[in-house]
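S.K.: This is a predicted model, with the sequence first.
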Amino acid sequence: MSSAAYSTIKLFSGSSHPELAQLIAKRLRIPLAKAQITQTPSGESKIKIQESVRDYDVYIMNTGAGVINTSLLELCIMIHACKIASARRVTAIMPHFPYARQDKKDKSRAPITAKLVANMLREAGCDHVITMDLHASQIQGFFDVPLYAEPSMIYWMRENLDIQNCIIVSPDAGGAKRATSIADRLNVEFALFHKERKKASEIARMVLVGSVKGKIAILVDDMADTCGTLGLAAKRLLEEGATQVYAVVTHGILSGPALQVIGDSGLEKLVVTNTIPQGEKAAACDKIEVVDISLVLAEVIRRSHFGESVSYLFNEVPIAFDAFQQ
């Protein structure tokens, strides 16, 4: 389909991940729309939309990366600016949704911050939200288009590993559903760890349920932050007889000592998507491999704009960029 077909789309980028926005625009064969994003000396975000959005289908890409609160407020301001400038529809693209782990009231007076963020986007004027691999299934109801990196990750596994000799492993009981889904699609076995914690950020021990002896173990999770769990799990899998250990994660936050933990863990590779910028981290650690999900996001924009079903993307990776050409 030619770029003329997208003449009523405007794609803007916030400051959190302009590289991903550029890749999406390239996939769609459209230029990024112009917006000026600055900060005042007092620290306030100042946004200026530099072209008309009247009656356009507007998409704004800003992920949960960098200074999270600044990125989130930038997105809300850009949504509001486009909405009051008479955009026909405004869709937020947040591949990594910030505050997703604060999704339930697990103690007295605890906030449900994930719901608060969803409310902020709605009040700003957002019509739809496109996000990927939310931390917990119960918050999918906050969003219109929750996507999954699973098809892209399965494609990487099939292209790079001897699948028949693999076993899928969940690093905790909460990820069992994700692990079993991937194992079923690959027709391989799965195992999981049961974690016992001393406190929230400190694991006392990990008990493996299942056998990994003589297998290539693939740890799967939605996000890796400090990588303490993945590092410990990788060491335990090697002790249990796994021949190699890979970790496949959607959101590579990789904060604090994460890179050192990865280097010392015995992992062959940590495979992450580019929902969060990974350039500097991948350059600093040769065990990190990045899977590009811009094609998936471009395809969901195309399908959303033309009123097509996006359910295809829950199970399949768009075959090639040529799919955009008619």
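M.R.: Right, received. Where do you want to start?
S.K.: CA only for contacts and neighbour counts going forward, please
M.R.: Noted.
S.K.: A176 reaches S170, doesn't it?
M.R.: Yes. Contact criterion C-alpha atoms under 8 Å: A176 and S170 qualify, at 5.7 Å.
S.K.: Now do the shared contacts for those two.
M.R.: Both A176 and S170 are contacted by L192, under the criterion C-alpha atoms under 8 Å, 6 or more residues apart in numbering.
S.K.: more neighbours, these two?
M.R.: Set side by side, A176 and S170 show more neighbours around S170, with 27 against 19, by other C-alpha atoms under 10 Å.
S.K.: Who is that one paired with across the strands?
M.R.: According to DSSP bridges, the partner residues bridging S170 are L192.
S.K.: quick one: pLDDT of it?
M.R.: pLDDT for S170: 94.
S.K.: any idea how far V58 is from it?
M.R.: Distance, S170 to V58, using C-alpha to C-alpha, to the nearest Å: 38 Å.
S.K.: same check, this time on K235
M.R.: With C-alpha to C-alpha as the criterion, K235 and V58 are 46 Å apart.
S.K.: Ok, L254 next?
M.R.: The spacing between L254 and V58, counted by C-alpha to C-alpha, is 31 Å.
S.K.: Settle it for me: which of those two has more neighbours?
M.R.: Neighbour tally, L254 and V58, criterion other C-alpha under 10 Å: the higher count belongs to V58, 24 against 18.
S.K.: So the more buried one: helix, strand or coil?
M.R.: strand (DSSP: H, G, I helix; E, B strand; the rest coil).
S.K.: Tell me who's in contact with it.
M.R.: Applying C-alpha under 8 Å, 6+ apart, the residues near V58 are I9, K10, L11, F12, C82, A87, R88, R89, V90, T91.
S.K.: Can you list phi and psi of A92 for me?
M.R.: phi -90, psi 130 (degrees, to the nearest 10).
S.K.: Tell me, how many residues neighbour it?
M.R.: Quick note: A92 (other C-alpha under 10 Å) scores 23 neighbours.
S.K.: Enumerate every residue touching it.
M.R.: With contact taken as C-alpha under 8 Å, 6+ apart, A92 is in contact with Y59, I60, M61, N62, L75, I79, C126, H128, V129, I130.
S.K.: same deal with T113?
M.R.: Residues counted as contacts of T113 (C-alpha under 8 Å, 6+ apart) are Y99, A100, Q102, D103.
S.K.: Not counting the helix or strand harbouring K83 itself, show me its contacts.
M.R.: According to DSSP states H and E, K83 maps onto helix 68-84. With C-alpha under 8 Å, 6+ apart as the contact definition, helix 68-84 has outside contacts at 14-16, 45, 47, 49, 53, 58, 60, 62-65, 89-90, 92, 98, 120-121, 124-126.
S.K.: Which ones among those map onto strands?
M.R.: S45, I47, I49, V58, I60, R89, V90, A92 (DSSP state E).
S.K.: looking at the chain, which residue ends up farthest from its center?
M.R.: Distance from the centre of the chain peaks at P41, with 31.9 Å (C-alpha atoms, centre = their mean).
S.K.: any chance you could read off phi and psi for that one?
M.R.: phi -60, psi -30.
S.K.: all helices of the stretch 51-200 of the chain, in order?
M.R.: Taking DSSP state H, counting those that start in this stretch as the criterion, the stretch 51-200 of the chain carries its helices at 68-84, 113-124, 150-160, 176-186.
S.K.: Over the last one, what's the mean pLDDT, rounded is fine.
M.R.: For helix 176-186, the mean pLDDT works out to 92.
S.K.: buried sites along it?
M.R.: With burial defined by 16 or more other C-alpha atoms under 10 Å, the residues of helix 176-186 counted as buried are A176, R178, A179, T180, I182, A183, L186.
S.K.: Show me where the chain dips below the pLDDT cut-off.
M.R.: 1-6, 135-146, 196-204, 319-326 (pLDDT under 70).
S.K.: How is it divided into domains?
M.R.: Per the record, the chain has its domains at 3-148+293-324, 150-291, by automatic domain parsing.
S.K.: distance between the shortest one and the chain's centre?
M.R.: It refers to domain 150-291. Averaging C-alpha positions (C-alpha atoms, centre = their mean, to the nearest Å) puts domain 150-291 15 Å from its chain's average.
S.K.: circling back to that earlier point, would you list the buried residues of helix 176-186 in a markdown table and tack on distance to I24?
M.R.: Formatted as a markdown table, these follow (distance: C-alpha to C-alpha, whole Å):
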| residue | distance to I24 |
| --- | --- |
| A176 | 32 |
| R178 | 27 |
| A179 | 29 |
| T180 | 31 |
| I182 | 26 |
| A183 | 30 |
| L186 | 29 |
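S.K.: Which one of those residues is nearest to K26?
M.R.: Proximity to K26 was ranked across these by C-alpha to C-alpha; first place goes to I182, at 30.0 Å.
S.K.: if I look at H305, how far off is T63?
M.R.: Applying C-alpha to C-alpha, the value for H305 to T63 is 20 Å.
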